[in-house]
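Enquirer: quick one, structure for this:
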Amino acid sequence: MDPHQHQSIGEGNETSPPPSGTAATSCRHCGGPTSYPSPPAWSDISPPPTYRPIRAPAVKLSPTSSQQAIILAPVPQAQKTPVVSPPYHFQVPVKRIQTPEDIRRFHDSDSGRNFLGFVVSLSESIRSRKISDPCHESPVINSILSILQSLIDWVDEIPPVQQSSRYGNLSYRVWHSRLIDESEQLMLQFLPDDLRSATVELVPYFADSFGNSSRIDYGTGHETNFAAWLYSLASLGLIKEEDYQAIVSRVFVKYLDLMRNLQLVYCLEPAGSHGVWGLDDYHFLPFIFGSSQLIDHKYMKPKSIHNQDILDNFSKEYMYLSCIAFVKQVKKGLFAEHSPLLDDISGVPNWNKVNAGMLKMYKAEVLEKVPIMQHFLFGWLIKCGLIWCICFVETIYAEQGLISQYALQRYENIACSIGALLTCSLDCLFTPFTFRS
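Expert: Predicted structure coming up:
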């Protein structure tokens, strides 16, 4: 018999079935065993690769990734802001968040839920409305607008100095120093006589809403301080629910104009930016409010951000389009390259889903990040919710002058480290630390 090369049955002729009683690993010529078995057919255990759509993400998200956690998280809901009543116990707000556990306690507290609910309420107040739509403007709203306009005028009065560095014009420190010096007087323009003592708590939030003078930078943490300042005014009853639309369409739009002016004139560095993988170098809230504006719009869809004519004609009426136009102004190159996240969001089918995703992302990427929230301030209006006995001592002992500020800070650190002793009596736990300053 002429020598031949063994071939498994079925090789070379895929249409011919193997002879009956012959194993698939037998030679099709002589019936002898072959050196290597034929590859197995596709099975349910190992199916062929599935078709991958064009808009599939470049990196498949794992179930444990932070992005997947955002997708699965519930959408934050609006909360009615509770108004405080006398007696007031205003105090200098301080930093209290150091660990993710501290952040979890804050979000589980009433202040955490009410603050995020306040942001959601602002978003709902501007739903399907344009910036120019008429709205209720109270005297407090007009006073805030006047204050922001004064800050804009200061930029013209304090021109940038000539320097070679790309970021951080030193003239910003002059502008910020003037802000610190006059913040209390600015607050007193609209505070009634019985709330003038609230400046001790309002001024730190307001002063930290426009960037950091040491680093000459600005980011979502400073923007959150501005939201906290507005929330504090709502807690005092100075801003009511009927003012919420004006807060977004008048106050926040003016604040956005001021910050873009500061960013361009003084070249503020992005604070903690995620680079191309972030939503924006500086802002987050205008994307929430702007996506709410466009909900149920007849013609503009999320993909409309790629139409330059739409950006040119409607960016003054819709904050989301304004943000996209500003990004394209300050960044060069393909939009999908310098802003891939915004480009991906443009593939979402409707603005309802965009808005819900933005709210969940704001909670996860801003309010739950230690590098951002470690600088957030907590006082009497916005409580951290770490240890309930801290608030008790601050309102009772400190009010009566029984404890010095230095001792208060020392005892706070001790109280945070011995949370297991919360069931102890207050007298046993705090009497050793009570002495006159």
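
Enquirer: switch to C-alpha atoms for all contacts and neighbour counts from now on
Expert: Will do.

Enquirer: list the contacts for the closest residue to Asp208 other than its chain neighbours?
Expert: Spatial nearest neighbour of Asp208, chain neighbours left out: His222 (6.0 Å); criterion: Cα to Cα, 6 or more residues apart in numbering. By Cα atoms under 8 Å, 6 or more residues apart in numbering, the residues touching His222 are 208-211.

Enquirer: same question for Asn352.
Expert: 291-292, 295-296.

Enquirer: just how off-centre is the helix or strand containing it within its chain?
Expert: For Asn352, the element it lies in under DSSP states H and E is helix 351-365. Its chain's average C-alpha position is 9 Å from that of helix 351-365, according to Cα atoms, centre = their mean, to the nearest Å.

Enquirer: before we move on, back to that, and the contacts of Asn352, which are buried?
Expert: Neighbour-count burial within the contacts of Asn352 applies to 291-292, 295; the criterion is 16 or more other Cα atoms under 10 Å.

Enquirer: just to revisit the earlier point, the residue nearest to Asp208: what secondary structure?
Expert: Classification of His222 by DSSP: H, G, I helix; E, B strand; the rest coil places it in helix.

Enquirer: mind checking pLDDT for it?
Expert: Listed pLDDT for His222 reads 96.

Enquirer: of the buried ones among the contacts of Asn352, which is the nearest to Val354?
Expert: Lowest distance from Val354 to these (Cα to Cα) belongs to Ser291, with 6.5 Å.

Enquirer: which outside residues touch whichever strand or helix holds the closest one?
Expert: Using DSSP H and E, Ser291 maps to helix 285-293. Here helix 285-293 makes contact (Cα under 8 Å, 6+ apart) with 122-124, 126-130, 223, 248, 318-321, 323, 351-352, 354-355, 358-359, 362.

Enquirer: next: stretch 366-386.
Expert: When contacts are defined by Cα under 8 Å, 6+ apart, stretch 366-386 is touched by residues 84, 89-100, 102-106, 108-112, 201, 205, 220-221, 225, 232, 235, 391, 416.

Enquirer: show me which residues of the host helix or strand of Leu148 are buried.
Expert: Assigned by DSSP H and E, Leu148 belongs to helix 139-157. In terms of neighbour count (16+ other Cα under 10 Å), helix 139-157 has its buried residues at 140-141, 143-148, 151-152, 154-155.

Enquirer: name the helices or strands packed onto that helix?
Expert: helix 171-187, helix 253-265 (3 or more Cα pairs under 8 Å, 6 or more residues apart in numbering; DSSP states H and E).

Enquirer: need the residues that contact the shortest one.
Expert: Outside of helix 253-265, the residues within contact range by Cα under 8 Å, 6+ apart are 145, 148-149, 151-152, 155, 159-160, 172, 210, 268-269, 319.

Enquirer: okay if I get these as CSV plus distance to Lys369 and pLDDT?
Expert: As requested, these are exported to CSV (distance: Cα to Cα, whole Å; pLDDT from 0 to 100):
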residue, distance to Lys369, pLDDT
Leu145, 31, 98
Leu148, 29, 98
Gln149, 32, 97
Leu151, 30, 97
Ile152, 30, 97
Val155, 31, 97
Pro159, 35, 95
Pro160, 33, 95
Tyr172, 27, 96
Phe210, 20, 97
Leu268, 22, 93
Glu269, 19, 92
Met319, 25, 97
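
Enquirer: follow-up on the earlier one: please, a ChimeraX command that selects the buried ones among the contacts of stretch 366-386?
Expert: The ChimeraX command for the buried members of the contacts of stretch 366-386 (criterion: 16+ other Cα under 10 Å) is given here:
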select :90,91,93,96,97,102,103,104,105,106,111,112,201,205,220,221,225,232,235,391,416
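
Enquirer: low-confidence bits of the stretch 1-150 of the chain, can you list those?
Expert: Scanning the stretch 1-150 of the chain for pLDDT under 70 picks out the ranges 1-26, 28, 33-66.

Enquirer: in it, which spans are strands?
Expert: Assigned by DSSP state E, counting those that start in this stretch, the strands in the stretch 1-150 of the chain fall at 94-95.

Enquirer: quick one: the helices in it?
Expert: 66-72, 100-108, 110-125, 139-157 (DSSP state H, counting those that start in this stretch).

Enquirer: starting at the chain centroid, how far to the first one?
Expert: Distance of helix 66-72 from its chain centroid, counting by Cα atoms, centre = their mean, is 14 Å.

Enquirer: buried ones in that helix?
Expert: Within helix 66-72, the residues scored as buried using 16+ other Cα under 10 Å are Ile70.

Enquirer: and it, what does it pack against?
Expert: Partner elements for helix 66-72 (3+ Cα pairs under 8 Å, 6+ apart): helix 351-365.

Enquirer: what angle separates the helix it packs on from helix 285-293?
Expert: 160 degrees (axes from the mean of the first three to the mean of the last three Cα atoms, to 10 degrees).

Enquirer: what's the mean pLDDT across helix 351-365?
Expert: Mean pLDDT, helix 351-365: 95.

Enquirer: between that helix and helix 100-108, how many degrees?
Expert: Put simply, helix 351-365 runs at 130 degrees to helix 100-108, going by the same axes, to 10 degrees.
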